[in-house]
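Asker: Any chance you can model this:
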Amino acid sequence: MTDLDPVIHAQARLRIMAALSGLDDGDRMTFPRLQQILDMTAGNLSVHLTKLEQAGYVEVVKSFRGRTPTTSAGLTRRGRVAFDDYTAALRTLLDPPKEG
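Answerer: Down below sits the predicted model:
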């Protein structure tokens, strides 16, 4: 049996990883856009981004556009590999090899 990464497996974090995996390597999505896409509260999104950041899966960057603070997030290389491994494990779990 293949183990699923418990950091990614939580529904909210899986949704975050899926949304960010659609970006090109090195690209980031702004916090408000991610919040809008996922229909999550700012607090909930922030908590789950922090957990993913602590695992090294997501990089959160705080900067300024003029005088306006901006927060954006993107997958790290480690995060992209972890998400690819997670989806492969899920496919194996859902469609196990046929014995025969």
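Asker: what helix or strand is the most centrally placed residue in the chain on?
Answerer: A centroid search over the chain (C-alpha atoms, centre = their mean) returns Met17, at 2.0 Å, as the residue closest to the centre. Assigned by DSSP states H and E, Met17 falls within helix 11-21.
Asker: rewinding a little: list the residues that contact the residue nearest to the centre of the chain.
Answerer: Ile8, Leu52, Tyr57, Val58, Leu75, Gly79, Ala82, Phe83, Tyr86 (C-beta atoms under 8 Å, 6 or more residues apart in numbering). All C-beta atoms are positioned from the backbone trio N, CA, C, and that covers glycine.
Asker: re earlier: now the helix holding Met17, how far from the centre of its chain.
Answerer: A distance of 4 Å separates the centroid of the chain from that of helix 11-21, by C-alpha atoms, centre = their mean, to the nearest Å.
Asker: I'd like the next helix or strand past that helix.
Answerer: Helix 11-21 is succeeded, C-terminally, by strand 29-30 (DSSP H and E).
Asker: what's that following strand packed up against?
Answerer: Applying 3 or more C-beta pairs under 8 Å, 6 or more residues apart in numbering; DSSP states H and E, we find strand 29-30 packed against strand 68-75.
Asker: need the next SSE after the strand it packs on, C-terminal direction.
Answerer: Past strand 68-75, the next helix or strand by DSSP H and E is helix 77-94.
Asker: Could you list every helix and strand in contact with that next one?
Answerer: Right, helix 77-94 is packed against helix 6-9, helix 11-21 by 3+ C-beta pairs under 8 Å, 6+ apart.
Asker: For the last one, what does the pLDDT average out to?
Answerer: Put plainly, it is helix 11-21. When pLDDT is averaged over helix 11-21, the result is 97.
Asker: between it and strand 68-75, how big is the angle?
Answerer: 90 degrees (axes from the mean of the first three to the mean of the last three C-alpha atoms, to 10 degrees).
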